[in-house]
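Participant: sequence first, predicted coordinates after that:
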Amino acid sequence: MTRKRRRLWIVLACGLGLGSATALALAAFRDNLVFFLAPSDLASKAPMPGRSFRLGGLVEQGSVRKSTDDGHPAAKFRITDGGASVDVTFVGILPDLFREGQGVVTLGTLQTDGTFRASEVLAKHDETYMPKDVADALKKSGHWNPASGPPPPAATWNTMSPKS
Amino acid sequence: MIPELGHFALALAVAIAGAQAVLPLWGARARDARLMATAPALAIGQMLALLAAYGCLIWSAVVDDFSVANVAENSNSLKPLIYKITGTWGNHEGSILLWCLILALCGGAVALFGRTLPSSLRARVIGVLGFTSAGFLLFALTTSNPLDRVWPPPIDGRDMNPLLQDPGLAVHPPVLYAGYVGFAIPFAFAVAALLEGRVDAAWGRWVRPWTLAAWSLLTGGIALGSWWAYYELGWGGYWFWDPVENASLLPWLSGTALLHSAIVVEKREALKIWTILLAIGTFSLSLCGTFMVRSGILNSVHTFANDPARGVFILGLLALVIGGSLLLFALRAPVMSATGIFAPISREGALVLNNILLCSICAVVLTGTTYPLFAELLFGAKLSVGPPYFQATVFPLAVPLFLAMSLGPVLPWKRAELWPALLKLWWAALIAAVVGTAAYLGLRASFAAVGFAASAWLIFGSLAELVERTRLFRAPFATFRSRVAAQPLSVWGSAVAHAGMGVTVAGIAGMSLAVSTIVAVHPGETVQLGGYDWTLLALRDDQGPNYTARVADIRVTRNGDDVVTFHPSRRMFTVQKSSVTDTAIQTNGLRDLYAVLGEERDDAAVLRLHVNPLAPWIWFGALVMAAGGVLSLADRRLRVGAPARRAAGVKAGIAS
């Protein structure tokens, strides 16, 4: 075994390892990228039905309805970013920090009737902190300038006209 | 007064670290023995100063000194004493100080245990550690000083996040940080070697124990974190592929690769440049893991605070440390040449394969973790990469890694034949095949079947290696006994660690069969899940030291026989006005019964129930792996204090 042959072997093995890693990563990326959308984005760039994505915004004040569906706890609520709002259905335990008027991120798919069926609801942030994605969406829709203090109560969001 | 003393000690530590970064390195360059000799004293001085600073922080928290901003924000007079102490590292400022303290302890350890190192190498290692220390201490002192005062002091503190008031999380950060920071020592050795322009077997021998220690601690730290997430978050899972979890997995993967490539440097003087690159890469990943998350660049549950000033400082520091060491590597690495030659089928070859596969896994995890960041920066797209991506990429790469893990240790060095090695493992392969087939036929779940087969292959493969080495069953008992005694501890250590991986893999395979349900039940009602009957007996109120609790009494029976009555609860913490679920878990070692109490509606309690087969094996396996590392570490041949002369002798022995 000469040094040249050994080097060739190692290069081949590295190439094989890196190549398969790249191939696996690309294939997995094609199917598993999860996009984040705010309610106002849904009209313009709604993803394919059945493809899961994350929907985030504020839980609209007074929109949460809890029920029991066949022995399983269910909840309906609306997510708003000021420009638009979306009905969300969820079967499961809502997180401890889930509150009306506060930021929430949900993971799920859009149904044919325009509602969003969430498989996960994330609200793992404290009262003063807002999920970054949600904060960006609110700033984009012109409803909140973080420099001027905490966000206005969500009840007022749909009645305010977007500034831009 | 005490916080001021701590503040002063912190400032003193910065000054000492600055001197430690300059004097020894300069001395090593100028071949000035007096300057080089300052290294150990400075390292120990910095360690003592930081111990004093951290002691002052703990003191302030214990005596409820709410004039210290950090204590006021994260503590409360009602908080139990143990959490007052552990709470000091449960927040951004305190955790940075702990990080610096551990780095200083590493420097002190090199100073104390590295007496036999050549003086220029020791001076350079301590100098590099001092340089890193100085940067991060400056960061702590200027942007995140935990000993800052606040005026006027509040009457009581704001209390700690109740999720963190837990014994598991009390010990998790120090262990994890010790693992992260421990890789600073191999990093410092790598940079010192680049400065010296020389790497030999002795270098590999010095680096390996430090790597082993850091690796064992990191393994333990990750396992503790995963265990905490399992029982405290109450989501029923053990690994969520969250950026913070990935951030701890990345240095673990590259650290594991480093551990193995350092063996090749030590035994065969090959893969030197690669090992240096891995040492730099592992510490870089540790740094990114600790600070990317802290800087708020990666969005995560664990993010403490988002402050742009901190982010920029940290990024600059990371760029300096990582970029600087990589630049040095690019300039100096060509000086070092490989000497050992080996065939592709050999122990070295297997270790190279291990490195390729581990680094591939590391690369796909890194890609998945950082892709959202780049996607947002480059295309303005907001997206995330979920668990399916990681499962689809990591598991296919892990299977060949597991195959090689049992094969590698039975291959001889330099040149080997595959067939005789496979013959040594025939019964392990047979057991793995039987287990895999039986699991597939019994469960009809291919993922679990592959997992169980891999687990059996790893566990029995390690056993087969030991049987082979000790000639069990093939030689008289006396020979067996003498061979057992003759095996170095590192052989036992690696076999134990590989078997531990097998145990963890079995746990992961078992958890893929977990069943769960979410139900709303009234007291007296019964739910069936996983062959068990779960009856909600009653709901009641309870009172803790700084919380009130709502408790559910649940009786679990199987075919009418009592299994357990347990009590999941929700705790409402009075000061922070937040509630935390307290999961009830009953384990018999083979499966966990897991119950979480959710909200209540219309007199019914929302319960989440899980039956998790083999769940405890995941963390037990990790513990076994860490124990294997410690066992290896206890090997006399690897003892840090082993005289350089003996190392040289062994080197000569290999060469002859």
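Facilitator: Received, thanks.

Participant: so the chain: which segments form each domain?
Facilitator: If you meant another chain, say so; for now it's chain A. Taking automatic domain parsing as the reference, chain A has its domains at A:1-33, A:36-159.

Participant: that's the wrong chain, I wanted chain B
Facilitator: Chain B breaks down by automatic domain parsing into domains covering B:1-161, B:515-616.

Participant: residue ranges for the strands of chain A, please.
Facilitator: Using DSSP state E, the strands found in chain A span residues A:33-37, A:53-59, A:65-69, A:72-80, A:85-91, A:103-110, A:116-122.

Participant: give me the beta-bridge partners of the residue nearest in space to the middle of chain A?
Facilitator: Geometric centre of chain A, nearest residue: A:Arg54, 2.3 Å, by CA atoms, centre = their mean. Counting by DSSP bridges, A:Arg54 forms beta bridges with A:Phe36, A:Leu107.

Participant: coming back round to it: now, of the strands of chain A, which is deepest in the fold?
Facilitator: The highest average neighbour count among those, using mean count of other CB atoms under 10 Å in any protein chain shown, belongs to strand A:53-59 at a mean of 26. Every residue, glycine included, has its C-beta placed from N, CA and C.

Participant: touching, A:Gly82 and A:Ser141? I think so.
Facilitator: Yes. Using CB atoms under 8 Å, A:Gly82 is in contact with A:Ser141, at 4.4 Å.

Participant: would you convert the domains of chain B into CSV that also reports mean pLDDT and distance to B:Arg268?
Facilitator: Shown next, in CSV, are these (pLDDT from 0 to 100; distance: least, CB to CB, whole Å):
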stretch, mean pLDDT, distance to B:Arg268
domain B:1-161, 91, 21
domain B:515-616, 89, 38
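
Participant: what's the most buried one of the ones you listed?
Facilitator: Mean neighbours per residue, mean count of other CB under 10 Å, is largest over the domains of chain B for domain B:1-161, with a mean of 21.

Participant: mind checking the longest helix of the chain?
Facilitator: If you meant another chain, say so; for now it's chain A. For chain A, the helix that runs over the most residues, judged by DSSP state H, is helix A:3-32.

Participant: ah, no, chain B please
Facilitator: The single longest helix within chain B, with elements called by DSSP H, is helix B:347-379.

Participant: give the buried residues for it.
Facilitator: Using 16 or more other CB atoms under 10 Å in any protein chain shown as the test for burial, helix B:347-379 gives B:347-372, B:375-376.

Participant: how far is it from where the chain is centred?
Facilitator: On the basis of CA atoms, centre = their mean, to the nearest Å, helix B:347-379 is displaced by 17 Å from the centre of the chain it belongs to.

Participant: helices and strands around it, which ones?
Facilitator: helix A:3-32, helix B:243-268, helix B:272-294, strand B:383-385, helix B:387-407 (3 or more CB pairs under 8 Å, 6 or more residues apart in numbering or on different chains; DSSP states H and E).

Participant: point out where chain A drops to low pLDDT.
Facilitator: By pLDDT under 70, the low-scoring segments of chain A are A:1-2, A:46, A:124-133, A:142-164.

Participant: one more time with 50
Facilitator: Within chain A, the stretches with pLDDT under 50 are A:126-127, A:155, A:158-164.

Participant: next up, the contacts around residue 107.
Facilitator: I'll assume chain A. The contact partners of A:Leu107, by CB atoms under 8 Å, 6 or more residues apart in numbering or on different chains, come to A:34, A:52-55, A:118-120, A:122, B:386.

Participant: I was thinking of chain B, sorry if that wasn't clear
Facilitator: The contact partners of B:Gly107, by CB under 8 Å, 6+ apart, come to B:20, B:43, B:46-47, B:126, B:129-130, B:133.

Participant: give me the next element, helix or strand, following the helix or strand it falls within.
Facilitator: Take DSSP states H and E as the rule and B:Gly107 turns out to sit in helix B:92-113. Reading on from helix B:92-113 to the C-terminus, the next helix or strand found by DSSP H and E is helix B:119-143.
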